[in-house]
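>>> following is a predicted model, sequence given first.
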Amino acid sequence: MKRIYIITILLCITTILSAQNIPSPKQFLGYELGERFTPCYRIDNYFNTVAQASPSTVKTFKYGGTNEGRDLVVAFISSAQNIQNLENIRQNNLRLAGMLKDNTPANVNMPAIVWLSYNVHGNEPSSAEAAMKVLYALADPSNTQTKQWLQNAVVIIDPIQNPDGRDRYINWYNNAVGKNFNADPQSREHDEPWPYGRTNHYNFDLNRDWAWQTQKESQQRVKLYNQWLPQIHVDLHEQGYNAPYYFAPAAQPFHEVVTQWQRDFQVTVGKNNAKYFDANGWLYFTKQIFDLFYPSYGDTYPTYNGAIGMTYEQGGIGAGLGIKTKSGDTLTLTDRLMHHYTASLSTIEVASNNAKQLVTEYKKYFDNNINGIGLENTTYVLTSSDQNKIEAVRKLLDNNSISYGITNANLSGYNYFDNKTETFKNEGYQIAVNTLQPKGRLVKVLFEKESKLVDSATYDITAWSIPYVYGVNAWATKDKISLSAYTMPAAIMPVQSNYGVLIPYTSINASKVLAALLLQGIRVRYSADDFTYNGKAFNKGTLIILKGNNQPNWLNAVNTACSSYNVQPYAVQTGFMDAGADFGSSDVHFIKAPRVALLTGKSVSYIASGEVWSYFDNELNYPISQLMAEDMDNINLSGYDILIMPDGGYDVFDDKANAAKLEDFIQGGGKLIATESGAEQLAGFNWSGLKLIEDTAQSSDSIIQKNYGASERDFLTSFIPGAIYKVQLDNTHPIAYGYSNFYYTLKQDARVYASIKGGWNVGIFPSNAYVAGFVGSKLKSKLKQGVAIGENRYGRGSIIFFNDDVLFRRFWENGKMLFANAVFLAGN
Ligand SMILES: [Zn+2]
């Protein structure tokens, strides 16, 4: 710590000497912005250099790192007085929001906080170039206009939200471009290869991850965000290169919790931006495409946290340094960054000019949440017999700075699982969340059964209610109830045994324990039957680890794994059970540590294969080989026990030899796990036993005059952007161990499968399966009954399929155990 102080003092001395000598981007980089792409480390260096040259008005700090070891950096820019007062401004801002309670009253005469985030999608690179220009304009002492704005505004700049994706794109681009750029759209430099720079290291879209924070970058960024809670947040993107610029106001649907003030100020910002774009003759559009509904975007998340949250979009994906657009113009990187620069400065200007009102309305937003004005008092009480399922919800709440507790009230409310109003039943563990708190609107958005959709033309999922996503029962009540402190889990007690240990198999945590033990070569069995030992009931799937045949450190390994994943093991002293299968029974199966491979590459969805990769790497902590599907003819499958085939096109299996190789793999004892359109591909092979239920409702031949102007509405009748359906489970099958007899799935398409002859229909859609979210009217009637999850044995192997994405964005908590079961338990 002391060393840091000394370094800081030294830095201060050197920077005072060089103050006022602030390099422009060109002086620092050696080229004009827009002439080439700037790698992440040089952008970071520029930010740090400007901060060192102007320590009284610019501060930078590293708030984290990426999967590939790049820095996440943020800068604070304001007047010297505000920068000196920065920590007070931050604390006061949290007092305004009701997020910091102490004896100091909140002061509304404070600068507005404007947070500008650039380059969340790595292959939308013009925004980070613009960020350097924005920084210089704000820091340059000769720029009197920005100096005036910064009296009333603190600007926070995150120049690169996704450094791994950005460098992936520009490193590729630099080796594809010649001495001069080629504007021909068909030239290779405009055809970025798989897996593209849009996403982070694990192919996750960070602009879908703000609320869930499954990814390292979002976890660190949103933590910092919640320490500041700005009045304005802008997320600067790029879209297809033929599109004109987009800025606020946003498109419908708006979530109903978006306040009138938030709607109005979006218009104020948009008009100010328009003033500059009009003066330059630049085209733009507003109020279309980019809606405010799904809560995990860089515009909606800030909106549900009291800010004016906005997306700006420049045309430019794939444009490189320059490209010919369909209007015949050449769009250059310089054009693109100038538009982002102009919109950024315009936003700072309008925030500064309206600082007083912004801060006052901001306080009102949070006061209204706390007092339940314009927001109905609702308490959501969630309960489960498994503590880890409640703990997963608790972590989500902590990550979003939402307060919670538990209740002993004898309450009655709407039950999420049976859709009835009834008395709350504590299933063992609980967590309760109330809307009467600073984050009240966010609580409503995340926990209500279904968000009101005023317009169905949204391009993301329409249902994400936490009780269904986490698979925990919930009651919503309007009763005024007080909450007491949440009970944190007690430490896991290590056990002693000279015979063996049992591990209840009731949450994904138990699957993680299993993965850890298999990796260490510990021999693990599971019971396919319920049994009772010492008066305690153990369900199917319970893991059994015996001293016999195991290595000497077996007990230590079990205790350590159980402690790290919060699972309480039970010691057993005999293999003779009170009831049910003894350990020597044929119902007790040995679990082989599987060698797992994942198909990936350009015929596979990069998002879906990234989910599986990240699930193994960061959740199960279990090795997985990534095979390039297009190299199938050269791949030797004999080294694997499991092949995973996520969503994808798989034209590689149109080749007869490749298809035969897949068939041989299963016949020879391999296990194939296929999801979404990966499973649909298999339905094309007779041997798979999978059959899609086709749409039999063909349209009649009568001539219908369609309304051309209403074509979008017409499209919506066959549209399902993502809705929640209930799947009835056969929990005597290993894929469904640890579940009750149902599961809530995210349905994103109309696919359903016919009953599998000779196999197991593990999950089916019952006739009343629909739960929440938008489903087009034509689809709703079609989506009736069918198979959602199944297993078919073929030869010595087996085919397991999931109709839907059970690992969706890795926040669909309740699907994770299904996937682990398919990997470790099924087919043994
Ligand atoms: Zn984008």
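Arrived safely.
>>> burial count for Thr462?
Around Thr462 sit 21 other residues, with neighbours defined as other Cβ atoms under 10 Å. C-beta here means a position set from N, CA and C on the backbone, and glycine is covered the same way.
>>> and Gly65, by the same measure?
14.
>>> I figured it was touching Cys40, is that so?
No: taking Cβ atoms under 8 Å as the definition, Gly65 is not a contact partner of Cys40, at 11.6 Å.
>>> which residues do these two both contact?
Residues within reach of Gly65 and of Cys40 at once, by Cβ atoms under 8 Å, 6 or more residues apart in numbering, are Asp71.
>>> element containing the residue in the stretch 501-650 of the chain that the ion sits nearest to, please.
Distance from the ion to each residue of the stretch 501-650 of the chain (Cβ to the ion) is smallest for Ile607, at 13.9 Å. Counting by DSSP states H and E, the element that carries Ile607 is helix 606-614.
>>> which residues sit against that helix?
With contact meaning Cβ under 8 Å, 6+ apart, helix 606-614 is reached by 194-196, 199, 202-205, 214-215, 598-600, 624, 626, 644, 646-648, 675-676, 678, 805, 807-810.
>>> from these, which ones fall inside helices?
Filtering the contacts of helix 606-614 for membership in helices, criterion DSSP state H, returns Gly678.
>>> give the PyMOL command for selecting the buried subset of the contacts of helix 606-614.
Those of these that meet the burial criterion (16 or more other Cβ atoms under 10 Å) are gathered into one PyMOL selection, given here:
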select buried, resi 195+196+199+202+203+204+205+214+215+598+599+600+624+644+646+647+648+675+676+678+805+807+808+809+810
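>>> and the ion, which of the contacts of helix 606-614 contact it?
Taking Cβ under 5 Å from the ion, there is no overlap between these and the neighbourhood of the ion.
>>> in strands, which of the contacts of helix 606-614 fall?
If you go by DSSP state E, the contacts of helix 606-614 have 598-600, 626, 644, 675 in strands.
>>> redo those residues as JSON lines? Include pLDDT and distance to Ile77.
Below are the ones in strands among the contacts of helix 606-614 laid out as JSON lines (pLDDT from 0 to 100; distance: Cβ to Cβ, whole Å):
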{"residue": "Leu598", "pLDDT": "98", "distance to Ile77": "44"}
{"residue": "Leu599", "pLDDT": "98", "distance to Ile77": "47"}
{"residue": "Thr600", "pLDDT": "98", "distance to Ile77": "42"}
{"residue": "Gln626", "pLDDT": "98", "distance to Ile77": "42"}
{"residue": "Ile644", "pLDDT": "98", "distance to Ile77": "47"}
{"residue": "Thr675", "pLDDT": "97", "distance to Ile77": "46"}
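>>> which of the residues you listed sit farthest apart?
Within the ones in strands among the contacts of helix 606-614, two members stand farthest from each other by Cβ to Cβ: Gln626 and Thr675, at 15.9 Å.
>>> need the residues of this structure near the ion, please.
Checking the chain against the ion by Cβ under 5 Å from the ion, the hits are 121, 124, 237.
>>> pairing partners for the closest residue to the second one other than its chain neighbours in the sheet, please.
Ranked by Cβ to Cβ, 6 or more residues apart in numbering and with sequence neighbours excluded, the top spatial neighbour of Glu124 is Glu238, at 3.5 Å. In this structure, Glu238 has beta-bridge partners Gln314, where bridges are defined by DSSP bridges.
>>> again with Ser527
When bridges are assigned using DSSP bridges, the partners listed for Ser527 are Val588.
>>> wait, it sits on Gly541?
Yes: proximity of Ser527 to Gly541 meets the contact threshold set by Cβ under 8 Å, at 7.2 Å.
>>> quick check: which ranges of the chain have low pLDDT?
Flagging of the chain using pLDDT under 70 yields the residue ranges 1-20, 455-456, 459, 695-716.
>>> again, 80 this time
The model of the chain has pLDDT under 80 over residues 1-20, 454-459, 694-719, 778-784, 828.
>>> which residue comes closest to the residue nearest the centre of it once chain neighbours are left out?
Of all residues in the chain, the one closest to the mean position by Cα atoms, centre = their mean is Asp209, 3.0 Å from it. With Cβ to Cβ, 6+ apart as the measure, Ser218 is the residue that lies nearest to Asp209, at 4.4 Å, once sequence neighbours are left out.
>>> hmm, Arg208 and the one you found touching each other?
No: with contact defined as Cβ under 8 Å, Ser218 does not reach Arg208; the gap is 9.4 Å.
>>> which one's more surrounded, these two?
Using other Cβ under 10 Å as the criterion, Ser218 and Arg208 rank with Ser218 on top: 27 against 23.
>>> look up how far Gly440 lies from the more buried one.
Spatial separation of Ser218 from Gly440 under the definition Cβ to Cβ, to the nearest Å is 22 Å.
>>> ok, now Pro111?
When Cβ to Cβ is applied, the distance between Pro111 and Gly440 equals 26 Å.
>>> wait, which of the residues of the chain next to the ion is closest to Asn162?
Of all the residues of the chain next to the ion, His121 has the smallest distance to Asn162: 6.6 Å, by Cβ to Cβ.
>>> assign the closest one to helix, strand or coil.
For His121, the reduced secondary structure class is coil; criterion used: DSSP: H, G, I helix; E, B strand; the rest coil.
>>> offset the numbering so it begins at 56, please.
In the new count, where the first residue is 56, that last one comes out as His176.
>>> state the number of residues packed around the closest residue to Ile425 other than its chain neighbours.
Once its chain neighbours are removed from consideration, Ile425 has its nearest residue in Gly153; the separation is 5.3 Å (Cβ to Cβ, 6+ apart). When counting by other Cβ under 10 Å, one arrives at 20 neighbours for Gly153.
>>> which residues does Gly153 contact?
The neighbourhood of Gly153, defined by Cβ under 8 Å, 6+ apart, consists of 421-422, 424-425, 492-493.
>>> who's in contact with Ala684?
Contacts for Ala684 (Cβ under 8 Å, 6+ apart) come out as 654-656, 658-659, 703, 705, 707.
>>> hmm, try it at 10 Å
Taking Cβ atoms under 10 Å, 6 or more residues apart in numbering, we find Ala684 in contact with 653-659, 664, 690, 700, 703-708, 713.
>>> for the residue nearest to Thr314 when sequence neighbours are not counted, give me its contacts.
Nearest in space to Thr314, with sequence neighbours left out and distances taken as Cβ to Cβ, 6+ apart, is Tyr420 at 6.3 Å. Residues in contact with Tyr420, defined by Cβ under 10 Å, 6+ apart, are 151-153, 286, 314, 316-317, 360-362, 428-429, 493, 495-496.
>>> in ChimeraX, how would I select just the buried ones from those?
Selecting just the buried residues from these in ChimeraX takes one command, with 16+ other Cβ under 10 Å as the test:
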select :151,152,153,286,314,316,317,360,361,362,493,495,496
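>>> in PDB, list the C-alpha atoms belonging to the one helix or strand His394 maps to.
Taking DSSP H and E as the criterion, His394 maps to helix 388-408. What follows is helix 388-408 as a C-alpha-only set of coordinates in PDB (Å, rounded to 0.1, in the frame of the first residue of the first chain):
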ATOM      1  CA  LEU A 388     -13.600   4.900 -40.300                       C
ATOM      2  CA  THR A 389     -13.100   8.700 -40.000                       C
ATOM      3  CA  ASP A 390     -16.700   9.300 -40.900                       C
ATOM      4  CA  ARG A 391     -17.900   6.800 -38.400                       C
ATOM      5  CA  LEU A 392     -15.800   8.000 -35.500                       C
ATOM      6  CA  MET A 393     -16.700  11.600 -36.200                       C
ATOM      7  CA  HIS A 394     -20.400  10.700 -35.800                       C
ATOM      8  CA  HIS A 395     -19.800   9.000 -32.500                       C
ATOM      9  CA  TYR A 396     -17.600  11.800 -31.300                       C
ATOM     10  CA  THR A 397     -20.300  14.400 -32.200                       C
ATOM     11  CA  ALA A 398     -23.100  12.400 -30.500                       C
ATOM     12  CA  SER A 399     -20.900  11.900 -27.400                       C
ATOM     13  CA  LEU A 400     -20.100  15.600 -27.000                       C
ATOM     14  CA  SER A 401     -23.700  16.600 -27.700                       C
ATOM     15  CA  THR A 402     -24.900  14.300 -24.900                       C
ATOM     16  CA  ILE A 403     -22.400  15.800 -22.500                       C
ATOM     17  CA  GLU A 404     -23.600  19.300 -23.500                       C
ATOM     18  CA  VAL A 405     -27.300  18.500 -23.000                       C
ATOM     19  CA  ALA A 406     -26.500  16.900 -19.600                       C
ATOM     20  CA  SER A 407     -24.500  19.800 -18.400                       C
ATOM     21  CA  ASN A 408     -27.200  22.300 -19.500                       C
END
